[in-house]
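**Q** Just the structure for this:
(4 chains)
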There are 4 protein chains.
Amino acid sequence: MIQINSFAVIGGDRRQAEMAESLVEDGCTVFAAAMEGAIFFNGVQKTSLQQAVENSQAVILPLPVSVDGKTLNAPLSDQRILLDDGFAHLMSDKKVFCGMASRLTRTSDLWNGAAVYDYSVQEEFAVRNSVPTAEGAIEIAMREFPGTINGSRCLVAGYGRIGKTLCGMLRGLGARVTATARKAKDLAWIEASGCRAFATSQLWKTSGYDLIFNTIPQMVFDAHTLARCAGDALVIDLASAPGGVDFEAAKRLGIRAIQALSLPGKCAPRAAGQIIKTTVYHMLEEEME
Amino acid sequence: MIQINSFAVIGGDRRQAEMAESLVEDGCTVFAAAMEGAIFFNGVQKTSLQQAVENSQAVILPLPVSVDGKTLNAPLSDQRILLDDGFAHLMSDKKVFCGMASRLTRTSDLWNGAAVYDYSVQEEFAVRNSVPTAEGAIEIAMREFPGTINGSRCLVAGYGRIGKTLCGMLRGLGARVTATARKAKDLAWIEASGCRAFATSQLWKTSGYDLIFNTIPQMVFDAHTLARCAGDALVIDLASAPGGVDFEAAKRLGIRAIQALSLPGKCAPRAAGQIIKTTVYHMLEEEME
Amino acid sequence: MIQINSFAVIGGDRRQAEMAESLVEDGCTVFAAAMEGAIFFNGVQKTSLQQAVENSQAVILPLPVSVDGKTLNAPLSDQRILLDDGFAHLMSDKKVFCGMASRLTRTSDLWNGAAVYDYSVQEEFAVRNSVPTAEGAIEIAMREFPGTINGSRCLVAGYGRIGKTLCGMLRGLGARVTATARKAKDLAWIEASGCRAFATSQLWKTSGYDLIFNTIPQMVFDAHTLARCAGDALVIDLASAPGGVDFEAAKRLGIRAIQALSLPGKCAPRAAGQIIKTTVYHMLEEEME
Amino acid sequence: MIQINSFAVIGGDRRQAEMAESLVEDGCTVFAAAMEGAIFFNGVQKTSLQQAVENSQAVILPLPVSVDGKTLNAPLSDQRILLDDGFAHLMSDKKVFCGMASRLTRTSDLWNGAAVYDYSVQEEFAVRNSVPTAEGAIEIAMREFPGTINGSRCLVAGYGRIGKTLCGMLRGLGARVTATARKAKDLAWIEASGCRAFATSQLWKTSGYDLIFNTIPQMVFDAHTLARCAGDALVIDLASAPGGVDFEAAKRLGIRAIQALSLPGKCAPRAAGQIIKTTVYHMLEEEME
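**A** Below you'll find the predicted structure:
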């Protein structure tokens, strides 16, 4: 049982706004600050930063908590909220949840010893986010590829969380799915799931795909591999920056390549907000134990 | 074995253009007319209407062959091509394939006894088009629904071709799928496929969905049913005009409802073009037998 | 709403016994006769034939109602119950449900105009039975094939109800599934479901399967086709007698072939009993309308 | 590239025999010893222990290599082969692959520094074996459960390798699957795969299942939990001995519970043999790198 039922949601984009509403649906009292641009349909209360914090048992800050390392990430607000000693002091006796916590804690010595929790490093968080990421990738593929996913030959490079979820969904749509991995156990998993498997190191030897999804955050699809493997395929790079596709080479080769970043927040803000909420709940539950 | 390997592709949209290219990939000689705006990457030859027909063994006209009943449906052309005796005479000794053939044959008595074939009434054509239609519906749902399909509660009203394909894909993405049908045998099929089933007549009694897809071309989702059943759901109507959703009532009730028509051509023109090609091939093969 | 809630269940095997128990679970009063060997765990009442009929509003007879055309099919009884005028007279004012009704009605003129219903000819019945049939086939394959279904190359000949359900389940287990059909629309369905498709007439040209399931009630797998297509495969024939596999030829060729008949009753008697019950319910509901 | 292409296969059951044949199919030279009872259809050469070892570059011993810790596990042989210094000496300059290697290496000091490899501890081996294990469990369920898997309510306790593979297959057959796990990330995976999830610690609070599969090697289904959770369900325990089900309590409670051990070798010896082969290949490949 979680004892905490009042939250301050401060800063962030539509994802945080959806999270705030989702908390209210669960019966929590929620105060939102630095989100003037958000439209709430249920009882989320917009208030000042100070009031929000004072009235709440826990504070949830966005992912990332800061883009520039100095101010709060608050795209729905016109305010510029400095991450300074004052900010840290205001929250000193609260549980503070945020994404990429080191960008916060390095802004003030007052954070030392404070109850700061980083939901973005939880494995559960990454697993759950693989779902909106994979769906976002499929949405892009559906929009940009003139054929259907059903019956198409798909290649998924990398079999981490996103690769795994994506393969399952593509197969569920009726695609013919091949995936690559480095480790023997992952190749075994790929085959057990009804897909074809080969080692990532062999990528440059294959061809004949309609759609290629890269999930490996390394330069896997360099000019050479693109020329051999991508042919007429549409390439969608899901790996975090700088990504795993040589986009310049793709352009030269006449291969369509799309960089798709931050899909959960863009494609499924409600799901993304609920994932933060669920992760925070579980972190609180673990604390209680 | 099909003996025919030269085709005139006349009029139509991007779907017909993709079909033309796909015919060339199969080794056919293809002449395109009334498609000045199309860009071809392989050997499709743009030519005049007359030349196209004269040099080909068969002619493929678009779906629908005419929008207004008087001129050829040719959105990629600035020409206005009358469907008159001259047009009919030009094609009199060719096999002519088109969609919604009655709109063509009623334009001239010369069509009497001519070899006119309607690919749009073939059951195979309808089955194959259920795939891009279902994917188009899912693309819309992914774009408009702020949650993920995975884990969402989906209702599919109607279990004809589109309903069947859509249910399979939604389940393949990890949704919890309920479908409705009128006939006992279709309810049995729904359950056999791992979904929940109930009679369409009971629709107004249920609720609790995130996404509702209507495939029934009758006013199923009237104001009363929408109020009871749609709640916070996003409603996507796939039924051909006038559709099965009372959009005015949806607006009044604050329910988001989207009319989605002609999805194959819009969402997957290449797949849609290949489906026409495949259907034409099979009609030719049947002829040979 | 069904007004009938007392049933006589007379004759039949474990399937009918399970049906009787399932009726009791739904709140019905059930009398069982000619089932002395059955063991009931809930309130099914064993009684005489006459009492069973007299106390019930409807009678459910087995599938088939008779094996020899003269006596009731009652493998759980030592009695030999003649299907004669007396039998018909006893039931004259009841609704009588049975499988293969013509074997009953031709035993007495008193059946003329009687309320005899054949559940075995309902399409719903056939659809629902495709599930235990497909599972029975998979159970046999799992038992007899020394490999795993997952990853195996499966061929399903015929895409009727059983073929369709079987393909879905094999794919769900991770097999690589190819199916055949005669009609273009069924080939389209096969492809839409993520399997490979070709015309049944081309069977003899293919090979390379681990498991072959025949569902076509015609001599499809003759010596010639077996020799070409079956190779090292295990062949399971699901088609009703005389089946679609030349078993003698298979023996000569050293190919393992198994005839699998009446799977629902053998492999899943409870499911099979519930399917009869559900079908009877729906026939009663239709009557009411 | 593997440089080794001659193998001695010594001892073991049908699984090892299938492995030997599979090696021959790959072009290897294979000598079998202590397998007098095996029947080989291709070029596996039966020979003496000494000859087998002398003519081969690598030796493959069974899983487990010994049951009693003193003699070779060789159920297909009448010989009693001591694991002593002589045995160790014979193989001293070969690569030796076996399962549960410690049972071998503790039989002689000569094994110190020898090239002994344990395929049974490779993660790939465990992942691949989850497939025949899950299929074996499903085969048992199909045989023992009088209903169908399709439409049944299945509970899978534990979401390790076997739980994961089993859930996917049950869902692929159309079951309604619930799974339990301890870790938040595994609960997230369960939900992402379209199943329902709850914490293993909450097991005793739930009920309403037709089939329960335990994969947790701890006493999870004690009398209390069985009484609450198992009700009319069939319970299949897949956890290695002593297992996770109180079978005595199940008996007292009238609950059917089945212990299912060593499924790969029993249900799918060919697959199990190929899995050993594949794992050995990959261990050899890694060596080369």
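**Q** burial measure for the residue in the stretch 1-150 of chain A that chain B sits nearest to, as a count.
**A** With distances taken as C-beta to the nearest C-beta, the stretch 1-150 of chain A approaches chain B most closely at residue A:146, which sits 3.6 Å away. Just so you know, the C-beta spots here come from the backbone N, C-alpha and C atoms, and that holds for glycine as well. Neighbourhood size, residue A:146 [other C-beta atoms under 10 Å in any protein chain shown]: 18.
**Q** residue contacts, the residue lying closest to it once chain neighbours are set aside?
**A** Nearest non-adjacent residue to residue A:146, counting by C-beta to C-beta, 6 or more residues apart in numbering or on different chains: residue B:270, 3.6 Å away. Residues in contact with residue B:270, defined by C-beta atoms under 8 Å, 6 or more residues apart in numbering or on different chains, are A:146, A:147, B:18, B:22.
**Q** Residue A:199: neighbouring residues, count only.
**A** 15.
**Q** What pLDDT does the model give residue A:130?
**A** Among the per-residue scores, residue A:130 shows a pLDDT of 97.
**Q** okay, now it: neighbour count?
**A** The number of residues packed near residue A:130 is 24, by other C-beta under 10 Å.
**Q** Spell out the secondary structure type for it.
**A** Per DSSP: H, G, I helix; E, B strand; the rest coil, the secondary structure class of residue A:130 is helix.
**Q** Assess the claim that it and residue A:161 are in contact.
**A** Yes: applying C-beta atoms under 8 Å as the test, residue A:130 and residue A:161 come out as touching, 4.2 Å apart.
**Q** interface residues of the stretch 151-289 of chain A facing chain C?
**A** Within reach of chain C by C-beta under 8 Å from any C-beta of the partner chain, the stretch 151-289 of chain A has these residues: A:151, A:171, A:174, A:175, A:176, A:191, A:192, A:193, A:194.
**Q** any idea how far the residue of chain A most remote from its centre lies from chain C?
**A** Most distant residue from the mean C-alpha position of chain A: residue A:205, 31.4 Å away (C-alpha atoms, centre = their mean). According to C-beta to the nearest C-beta, to the nearest Å, residue A:205 stands 22 Å off from chain C.
**Q** ok, now residue A:263?
**A** Between residue A:263 and chain C the distance is 25 Å, computed by C-beta to the nearest C-beta.
**Q** Repeat that for residue A:142.
**A** In this view, residue A:142 and chain C are 16 Å apart by C-beta to the nearest C-beta.
**Q** before we move on, what about residue A:140?
**A** Summarising the geometry, the distance separating residue A:140 from chain C, computed by C-beta to the nearest C-beta, is 21 Å.
**Q** pretty sure that residue contacts residue A:259?
**A** No: using C-beta under 8 Å as the test, residue A:140 is too far from residue A:259 to be in contact (10.2 Å).
**Q** So between those two, which is more surrounded?
**A** In this view residue A:140 and residue A:259 are compared by other C-beta under 10 Å, and residue A:140 has more residues nearby, 21 against 16.
**Q** and the more buried one, that one's in a helix?
**A** Yes: when three-state DSSP is applied, residue A:140 is found to be in a helix.
**Q** How is chain A divided into domains?
**A** Described in terms of automatic domain parsing, the domain architecture of chain A consists of the residue ranges A:6-121, A:125-265.
**Q** secondary structure class for residue A:30?
**A** Three-state secondary structure (criterion: three-state DSSP) places residue A:30 in strand.
**Q** returning to that earlier point: name the residues contacting each of residue A:140 and residue A:259.
**A** Common contacts of residue A:140 and residue A:259, defined by C-beta under 8 Å, 6+ apart, are absent altogether.
**Q** Report the rounded mean pLDDT for stretch A:278-289.
**A** In this model, stretch A:278-289 has an average pLDDT of 88.
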